[in-house]
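*Asks:* Build me a model:
(chains A, B, C and D, ligands or ions: 2)
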Amino acid sequence: MLQAIGVGTVEQLFDEIPADLRCGELNAIPKAMSEMEIGRLMDTRARQDGAAVCFIGAGAYDHHIPAAVWQLATRGEFYTAYTPYQAEASQGTLQLLYEYQSMMTAVTAMDVSNASLYDGASALAEAVLMAVRANRKSRSRRVLVPRTVHPHYRRVVRNIVHNQGVELVELPFDSTGGHIDPETLAAFAGEDIAALVIPQPNFFGVLEEVGLLTDWAHANKALIIALVNPVALALLSPPGEWGEQGADICCGEGQPLGAPLSSGGPYFGFLCCRQTLVRQMPGRIIGGTLDLDGKPGYTLTLQAREQHIRRSKATSNICTNQGLMVTAATIHMALLGPEGLERVAAACYDNTAWLVESLIRLHGVESRFDRPVFHERVIQLPVAAKGVLRALAAHNLLAGLDLSRDYPELGDNCILTCATERRTREEMESLTTKLERVLSLQGGVPCQLQPKEW
Amino acid sequence: MLQAIGVGTVEQLFDEIPADLRCGELNAIPKAMSEMEIGRLMDTRARQDGAAVCFIGAGAYDHHIPAAVWQLATRGEFYTAYTPYQAEASQGTLQLLYEYQSMMTAVTAMDVSNASLYDGASALAEAVLMAVRANRKSRSRRVLVPRTVHPHYRRVVRNIVHNQGVELVELPFDSTGGHIDPETLAAFAGEDIAALVIPQPNFFGVLEEVGLLTDWAHANKALIIALVNPVALALLSPPGEWGEQGADICCGEGQPLGAPLSSGGPYFGFLCCRQTLVRQMPGRIIGGTLDLDGKPGYTLTLQAREQHIRRSKATSNICTNQGLMVTAATIHMALLGPEGLERVAAACYDNTAWLVESLIRLHGVESRFDRPVFHERVIQLPVAAKGVLRALAAHNLLAGLDLSRDYPELGDNCILTCATERRTREEMESLTTKLERVLSLQGGVPCQLQPKEW
Amino acid sequence: MSLIYQHSRPGRRAPGQAPLAKGDTTAIPERFRRRVRAALPELSEMQVVRHYTRLSQKNFSIDTHFYPLGSCTMKYNPRGANQLAMLPGFLARHPEAPETHSQGFMACMYELQEMLKEVTGMQAVSLSPAAGAQGEFAGVAMIRAYHESRGDEARREILVPDAAHGTNPASAVMCGYQVREIPTDANGDVDVTALKTVLGPRTAGIMLTNPSTLGVFDRRIREIANRVHEAGGLLYYDGANLNAILGKVRPGDMGFDVIHMNLHKTFSTPHGGGGPGAGPVGVSARLQPYLPVPMVDRDGDDYRWLSESDCPESIGRLSAFAGNAGVLLRAYVYARMLGREGIPRVAEYATLNANYLLERLQELGYEAAYPERRATHEFIITLRRQARELGVNTMDFAKRLLDYGFHAPTTYFPLLVPECLLIEPTETEDKETLDAFLEVMGKILEEAKTEPELLKGAPHALPVRRLDDVRAARELDLAWSPSRDG
Amino acid sequence: MSLIYQHSRPGRRAPGQAPLAKGDTTAIPERFRRRVRAALPELSEMQVVRHYTRLSQKNFSIDTHFYPLGSCTMKYNPRGANQLAMLPGFLARHPEAPETHSQGFMACMYELQEMLKEVTGMQAVSLSPAAGAQGEFAGVAMIRAYHESRGDEARREILVPDAAHGTNPASAVMCGYQVREIPTDANGDVDVTALKTVLGPRTAGIMLTNPSTLGVFDRRIREIANRVHEAGGLLYYDGANLNAILGKVRPGDMGFDVIHMNLHKTFSTPHGGGGPGAGPVGVSARLQPYLPVPMVDRDGDDYRWLSESDCPESIGRLSAFAGNAGVLLRAYVYARMLGREGIPRVAEYATLNANYLLERLQELGYEAAYPERRATHEFIITLRRQARELGVNTMDFAKRLLDYGFHAPTTYFPLLVPECLLIEPTETEDKETLDAFLEVMGKILEEAKTEPELLKGAPHALPVRRLDDVRAARELDLAWSPSRDG
Ligand SMILES: Cc1ncc(COP(=O)(O)O)c(C=O)c1O
Ligand SMILES: Cc1ncc(COP(=O)(O)O)c(C=O)c1O
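*Replies:* Ligands and ions are numbered 1, 2, ... in the order given. Okay, the predicted model is just below:
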């Protein structure tokens, strides 16, 4: 090959790089390992982390994933293909994505879906930017974001949209219900608001009065951005049917549809909207069409919205999205079907209800909010959550998320707890018993089990 | 569908079964479980068993299996196909098996290979039957089987061949060398022997004098059945090159080529032979041929040897073989290549040598035989092996196989120990240290750690 | 497609797959050493992955095609069973690991033994045979051991119906028996009159499958069982067709003494392009002492192995360890997922699908071999008329089906029905697939009349056209060699 | 191929996949409840498996095809990285698990940060951006935060060469910047004269990739860096092309202030048909305070998270948790397997393969866009002559390649070279594959002359013929609905 090129050494191929810029050996990088060696290392590390029983939800849920999902999604043909730019050589990916779009519109009752964004939080940020672009009736760049939206999501949205001068206004929550009291919106009546975000269920697991909120927004010329859990939608009214007219944009975290917890990613963000807003949508969209012989096929469409065509005028900078996760989600939804998804949702609901009942029987443990939830609940402990969670973790029980950092108004004692369909009665009983023990020890006496600070 | 058939209920379809034979509910079978539930159960059970570090070999070896092997072998197209009866719809399997046959003949230096038998032990039984059929120069049904052949294999061979009146004669081993002393064969000179089995390495890991043995057998009109470890053949002289003429039949356990330990199966038996014996070979054989257009393709061939054509006159009753394991083995060999296989073998050799040196430094621990080995060694302990192994197992170290049951002549103190390329220095050091401790405790004092009997 | 060897280049490697350090082997004496490296292909990891990925796509399989291969029970293999059998803990267990480190695995095996007892109506089960044929060997060897233990040495014959699978006579011969064929009557049942004439003091036993490989349930099974037993023989049940009767009728209740099961059929473990399978055997009380080892026994909360020393009359072990353990784990998961409720449904849907196909094929003009009988989980059609009148044979029909994306049914088996197709749709196929198959079968029948050359030249749409089997057997080409490529 | 919906029948299920017991949800008030079930397809498990198995076979992919898609680095994705990143312990870790239960994962992340620092020559790395474009956003946001922290509010412009990837200008706009395009000179380098005229007090920074997407290494990078810095701007390095220079030259040493890396390219994590990726960012010392959170810090033997409270000047978090953790694990395994020795070899073989293809394509009669230049890991040929003389365009060439089993190179990008193909063979392809590609490229050139219709009508051998993109955009069909089929 060198001969064909007409050079003597491979090094000559780099001769356009100024010699003084060339680097030496990369000494900070360890020496090569064989697959067997790195396998041993990773095995040890994975074992280190993977032992606990998880009652944390807070945006990432421990669902059963059918074995077929990842066995199919990791087939080389799906797994090692690129973005389907050459449609004729990518009908596998393209048809699957079209099917995904179909399933997501079915679940959300919206008109159209894109083919994914990075995750739920960035999907919300894109939805906010999209709403500001799309709302022809509003000239403001103000968007109402309830404090019941996941705190990380609120941060991500701010970090992304503030550069474009979008103003986010926080809506408080009702301290007994844990929801947005529709009354609080009265203060904004008549103001120019581009959009209102409604989480359903909200970060506390609590169900929002989506119908009332949607109708208020539409009456005030604001668009509705629904932020939903797709599994919850098997039981809950879908955004397309909220209020009189339905939500305008709907987004959320796709993780509950076939993505393992996996330290927070890869997951995927989904984004759906009304037909009329489709040209404002960011991300890939797949469309059905015909080939030269009139046979149906699928292709990337509406590319004029995208960065590779529109560059600085694109609806977003997104390019690589979360295709493989969507592949898994599509197979996951196909395996569960409408009834299966409903059973999963119902089992989560039931489990969490059972767990909460069991926990609040303990002395001093209370349910913090009194309104209906889906599969998460804020639980108030009689003592500070931090030490209790730490003690339980030493028993490999991750009992929930400490809310004190993000919601100081709830005090130091509240945790957010979730029991998906994967949690068994035995695990829930064990959590209850261990919590009882920890609380009795911590009622004065310092906890015996003191793993290091986290 | 019932309507099309013309019945009212599915039950009617069973109306030819005499009513009094019909069974009721199968009460001893538990109720259905979902994939999630059985997943939890299996997970618990797998965890229960999978923690130990394994220094047992004795016919099943803990090798590294490249990740690609099983990711490819479990592709639905390989995994869920049947035996390739319809050749045109099975070129994937057929070509792969042809490649497998090619690789096995390369490794063994034999002319032809079949497409697998159940395991190494049954392959040896088939080889014995084949040799008895094939040896035109011998009228006896006597086969010499050294005591250095795996004890389970000897049992399996006997259990299978005794029904056909084949007589197995045991050859003793040399008590210092652990090998077959070629001198012992003098006793059989001039006798009518159909075949001699030569294990290489033998059950003790020891290398046999394959050249001398082969030449003796051929001089005495007996066929040679080589029983070999395919990984060892990367270092050791292949059966096709033993002595002046090479072995006639070669068989063995394919597990070291890509099959996980998996409680003993599925593995696969391989069987190769000289070209002239191919019509006596049992099992599937794939041949290259041409299609109607003259294009090359692959198909099952020499089916006239097989039960589905020849019925009671077939060379064997085998039908379903171990196709998937052969798929894995083929991919495994392709990934390693000649140099990789040699590296694996050399690492095993080196590790075992290192381990043995380390162990025999302990007081009273000795290497039992003095001849060269491949990757296993008989180690003699100063006390009975049983208690020592039990104590080490309590530390999750499986130090080797107790030989007292199968070789009472070696006494109670001998174990067979193996360190494949997967064993690390740390693991070997840990075995040495723990053994030292156990021995010091058992030197009089009974072992502290007494898990229940096994 | 090119062979893997044709991508090989000297010195090419997938370096991460082997140990990076080179072990020192200089101490091995020269006379034991290999002189020339084995001619394995030399490739990069990507070449291997790409080659075998593409190669796999040349297969039909259950995951890609309807595969109505009679007697083979090509039904869907649940992916969960695969995943769970391959959990790292199971894969890592050494067959000689002590019982203390094996309780999880042994619990599964014990429970599988128990479930198989219940499903078959037998007294005891041993799991170790590696496939159906090895199960048959074990079963017949137990029959022999039984007669021998009673000094009944004259029993040298095993009776086998002419419809039997080839493994049946072959297994009997492996056990040192002579085989006598029993004819089938016009309705597909065993010819009892003929049977009576051969039964006698030389009869060691009879091997049957019921429903038979003719796809009918032998209604006189009770009578057959009585006659064989009266003659002093034992009854062997070839369980390859167990799928048809799961939860409906049990071989033990029919009077069988010994049975093997093909877990790779009835219990849906993947066929893997030709295995591995698992062929557990179940026996009535009188054969229990002879069951092959190892087996798992329960002792309070603990499981323990039964081996030669526990079972002195056993026919012994048939594989180095405990058989195809990984296959057994898959079957265990499958049985637990089906459960008590699901097991009879297997037989119901399998039978429903078969009868539907049979009925509709007859409407299309195909001839049933046994038109008066119910189909069981499978059935036979015969193309003798088409062969005679149109000059197209069963093989032509079969190959043409491939062109339409359907795997062919079993052809020319059983041997007694001329030009036959043995069709087994299984319970996991849906009606739309069956209807699509019927549509194609109708089309092919039409083609056979109007364009017979289409059938004779088939397949046309596969990676290769029809392959020359005669050439393959005559000009043996069984392994690649460097000279092959010139 | 039929849609999954077309296999659906009411009431059909894969019952083992959902909980068997029905949870009680009657306590949910009516007004919150869904009234009609979602129109998801209703299928058996086998139908799903068969549908998606067959569907997958309609794709080209690295595991099946040569895929020389320029700028996309379609190289082999080691299967080991996948397997290890999917170990149960890693999959089960909740993103909010306490640090005590995360040390294994965090160790990998920390070491990956360190390795990426070394490879890029930067001071600090944050792993969280989910893909290249999000890395760009993070990088430009840091540039903005830097200027703002100094009160340098007038800098409102980001300079972007006309050859830049579309994400560059789009990301700058997402950060609230105006974009100014910089032209390219005749040799493919940045036009420094033009650059000088636009640099000034409004310049926030410049986004470059070097080697550029024109497949050449900008030899005056030092000068560019100096000029931009002198003007008070910062330099952003689009690391999509890092594969070309691994271990040879480092963006930090070239003078860049911030870089994103596409781990799904350079570190070979699978593209998954469009993601997920990972786009970590590295920075020089002055941008370190602004890195996005979370990051992993080391404290003796323990690892701990750095979040908003530890990094008050951070641009904050860009995803709910820590980005595409599973992708990062794959990249970590890949980097460890390559090691210090293997990393420079990536650049060497990638460059060798590209230069070989470029040379041989020119011999065949193809026109290089920059014939005087060395190819880096990729290069451009232009078909402007063929388009003019033969009336066949780049798209026709691309589609015809598909017929021969090669994925097309990137077409019509970068926009400034007319009728271009951007070709990146990557380091994992072997010479035989490159030669086969060259042979086909020769053939197609011949066909273009003799049978241009073959190209214009291509592809002919794929599951579909050329698809009508215009129709797709005009008659929007973005989701299946029951009415569609009936
Ligand atoms: C009726 C019948 N009996 C026995 C067998 C043999 O089973 P195996 O292939 O598992 O050895 C088969 C399998 O093809 C069969 O169909
Ligand atoms: C040069 C260049 N820059 C940036 C990107 C964007 O990266 P990503 O697709 O990961 O967002 C790409 C990927 O296509 C690229 O090729």
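
*Asks:* Can you show me the helices along the stretch 51-200 of chain A?
*Replies:* A:67-73, A:76-79, A:91-108, A:120-134, A:151-161 (DSSP state H, counting those that start in this stretch).

*Asks:* Actually, the stretch 151-300 of chain C.
*Replies:* Assigned by DSSP H, counting those that start in this stretch, the stretch 151-300 of chain C shows helices spanning C:167-174, C:192-198, C:221-230, C:251-254, C:263-266.

*Asks:* So which of the ones you listed is nearest chain D?
*Replies:* With CB to the nearest CB as the measure, helix C:263-266 is the member of the helices of the stretch 151-300 of chain C nearest chain D (15.8 Å). Heads up, the C-betas are built off the backbone N, CA and C, glycines and all.

*Asks:* pull the CA atoms of the closest one into CSV?
*Replies:* Coordinates of each C-alpha in helix C:263-266 appear next as CSV, following Å, rounded to 0.1, in the frame of the first residue of the first chain:
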residue,chain,number,x,y,z
LEU,C,263,-36.8,-31.0,25.0
HIS,C,264,-35.5,-29.2,21.9
LYS,C,265,-38.9,-29.8,20.4
THR,C,266,-41.6,-30.0,23.0
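
*Asks:* picking that back up, closest to B:Ala394 out of the helices of the stretch 151-300 of chain C?
*Replies:* The closest approach between B:Ala394 and any of these, judged by CB to CB, belongs to helix C:263-266 at 34.8 Å.

*Asks:* Show me what the closest one packs onto, helices and strands only.
*Replies:* Applying 3 or more CB pairs under 8 Å, 6 or more residues apart in numbering or on different chains; DSSP states H and E, we find helix C:263-266 packed against helix C:325-364.

*Asks:* Would you mind listing the buried residues in the helix it packs on?
*Replies:* By neighbour count with 16 or more other CB atoms under 10 Å in any protein chain shown, helix C:325-364 contains the buried residues C:325-340, C:342-344, C:346-361.

*Asks:* Domain map for chain A?
*Replies:* In the domain annotation for chain A, the residue ranges read A:67-332, A:337-443 (automatic domain parsing).

*Asks:* Can you say which of those is nearest to ligand 1?
*Replies:* With CB to the nearest ligand atom as the criterion, ligand 1 lies closest to domain A:67-332 of the domains of chain A, at 24.8 Å.

*Asks:* Can you confirm whether the closest one lies near chain C?
*Replies:* Yes - legend: contact between domain A:67-332 and chain C by CB under 8 Å from any CB of the partner chain is shown at A:Ala67, A:Ala68, A:Gln71, A:Gly76, A:Glu77.

*Asks:* I'd like the mean pLDDT over that domain, please.
*Replies:* Per-residue confidence for domain A:67-332 averages out to 97 on the pLDDT scale.

*Asks:* Tell me how far that domain lies from the chain's centre.
*Replies:* Taking CA atoms, centre = their mean, to the nearest Å, the mean C-alpha location of domain A:67-332 is offset from the chain mean by 10 Å.

*Asks:* what about it, how long is it end to end?
*Replies:* Taking CA to CA, to the nearest Å, domain A:67-332 runs 10 Å from one end to the other.

*Asks:* Tell me which residues touch residue 194, please.
*Replies:* I went with chain A, as the question did not name one. Residues counted as contacts of A:Ala194 (CB atoms under 8 Å, 6 or more residues apart in numbering or on different chains) are A:Ala131, A:Val132, A:Asn135, A:Ser138, A:Ser140, A:Arg141, A:Arg142, A:Val143, A:Ala222, A:Leu223.

*Asks:* Can you look at chain C instead?
*Replies:* Listed by CB under 8 Å, 6+ apart, the contact set of C:Ala194 reads C:Ile182, C:Pro183.

*Asks:* Next, find the distance separating it from B:Pro18.
*Replies:* 21 Å (CB to CB, to the nearest Å).

*Asks:* hmm, back to that, so which of the domains of chain A is the most surrounded?
*Replies:* Counting by mean count of other CB atoms under 10 Å in any protein chain shown, domain A:67-332 has the highest mean neighbour count of those, with a mean of 23.

*Asks:* if you look at that domain, does any of it touch ligand 2?
*Replies:* Yes - contact of domain A:67-332 with ligand 2 (CB under 6 Å from any ligand atom) involves A:Cys319, A:Thr320.

*Asks:* What is the neighbour count of the residue of the stretch 51-200 of chain C found nearest ligand 1?
*Replies:* Relative to ligand 1, the nearest point of the stretch 51-200 of chain C is C:Gly132 (2.1 Å; CB to the nearest ligand atom). C:Gly132 has 29 neighbouring residues, counting by other CB atoms under 10 Å in any protein chain shown.

*Asks:* follow-up on the earlier one: okay if I get the domains of chain A as a markdown table plus distance to C:Glu99?
*Replies:* Rendered in a markdown table, the data for those read as follows (distance: least, CB to CB, whole Å):
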| stretch | distance to C:Glu99 |
| --- | --- |
| domain A:67-332 | 29 |
| domain A:337-443 | 26 |
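
*Asks:* residue nearest the centroid of chain A?
*Replies:* Against the mean C-alpha coordinate of chain A, by CA atoms, centre = their mean, the closest residue is A:Glu253 at 2.5 Å.

*Asks:* Might one say that it is in contact with A:Gly120?
*Replies:* Yes - with contact defined as CB atoms under 8 Å, A:Glu253 and A:Gly120 form a contacting pair (2.8 Å).

*Asks:* Enumerate the residues of the stretch 351-486 of chain C near chain B.
*Replies:* Residues of the stretch 351-486 of chain C lying close to chain B by CB under 8 Å from any CB are C:351-353, C:355-356, C:359-360, C:373-374, C:398-399, C:402, C:407-408, C:410, C:413, C:431, C:457, C:459, C:462-469, C:471-473, C:475-481.

*Asks:* Quick one: residues contacting C:Phe321.
*Replies:* With contact set as CB under 8 Å, 6+ apart, C:Phe321 has these partners: B:Gly59, B:Ala60, B:Asp119, B:His152, B:Ser263, B:Gly264, B:Gly265, C:Pro95, C:Glu96, C:Pro294.

*Asks:* Would you mind checking which of those is nearest to B:Thr276?
*Replies:* Distance to B:Thr276, by CB to CB, is smallest for B:Asp119 among the contacts of C:Phe321, at 26.3 Å.
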